[in-house]
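In: pasting the structure only:
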């Protein structure tokens, strides 16, 4: 098969999965702006030009990645943790490791496309196959949160620097910081393209975890940032199906472009997780 044809087959958009839901904060939370706050506090929170809180997609994606990393071992999937030395998982997302094997990649790049793809597959962990690496793009995208509701005010709290030895406050190192009060609600959207069964099992496990509750943002060890993912909905497109492909390409609203699975999101992801665990159990018996 000519290389151009293989390239088209490997990189064509084959399927698309969209997860929507609402992030609801059960406690106050903060994502720092890195500068003084609008209230003149020492540590501000990220606000838009109208003074409303922002939930960046980058923060959501980082949290989703860490959730997938923590759950990957339970599914028998690999996670390099962006540190090959610590994790023992070879993956080019670790920059130091990438420089070590870069010459191998350059040799593979001089060969057939299948050699390059094989090399990338070999040196990328399961988590980075979802979230991207220096040699492959991310298949997962998360939007900034769209604010549904909040109290309309930013609170200011006091903080102190503690001496780790004496467990007492250090003189002269008092500060204050902003938080967004509990109860704020954001709509989010997660898109996954060209997914495989392992992707669905790993992402599904993370969605279950968020639905049960997690923490997001700064000062989480102090009780800030507790949230739940609510009102989860799921829709898909299979581009090998001519009717679905036509509907996606010719309609303007998401409701008409996507197809909802017959079962709900819990059954859909639960089935993929169960299949993955069954495969893992069969492999363990063989060993």
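Out: Perfect, I can see it now. Please read these numbers as outputs of a predicted model, since none were measured by experiment.

In: so for stretch 201-216, what's the average pLDDT?
Out: Averaged across stretch 201-216, pLDDT comes to 97.

In: again, but for stretch 95-113
Out: For stretch 95-113, mean pLDDT is 86.

In: And it, what's buried?
Out: For stretch 95-113, burial by neighbour count (16 or more other C-beta atoms under 10 Å) applies to 97-98, 101, 105, 108, 113. No exception for glycine: its C-beta is placed from N, CA and C like everyone else's.

In: repeat for stretch 176-193
Out: Buried positions in stretch 176-193, judged by neighbour count with 16+ other C-beta under 10 Å: 177-182, 184-186, 188-190, 192-193.

In: circling back: and the buried residues of stretch 95-113, which two are furthest apart?
Out: Greatest spatial distance among the buried residues of stretch 95-113 (C-beta to C-beta): 97 and 113, at 23.5 Å.

In: all helices in the stretch 1-150 of the chain, in order from the N-terminus.
Out: For the stretch 1-150 of the chain, applying DSSP state H, counting those that start in this stretch gives helices covering 3-11, 57-72, 84-87, 95-109, 113-122, 126-131.

In: Relative to residue 25, which of those helices is closest?
Out: Shortest distance between residue 25 and the helices of the stretch 1-150 of the chain, using C-beta to C-beta, is found for helix 57-72: 12.7 Å.

In: Distance from stretch 222-230 to the middle of the chain?
Out: Stretch 222-230 has its C-alpha centroid displaced from the chain centroid by 16 Å (C-alpha atoms, centre = their mean, to the nearest Å).

In: Let me see the mean pLDDT of that stretch.
Out: Mean predicted confidence for stretch 222-230 is 96.

In: who's in contact with that stretch?
Out: For stretch 222-230, contacts defined as C-beta atoms under 8 Å, 6 or more residues apart in numbering pick out 21-30, 179, 188, 207, 210-219.

In: Can you say which of the residues you listed are buried?
Out: Among these, the ones that count as buried by 16+ other C-beta under 10 Å are 21-25, 27-30, 179, 188, 207, 210, 214-219.

In: Brilliant, that's me finished.
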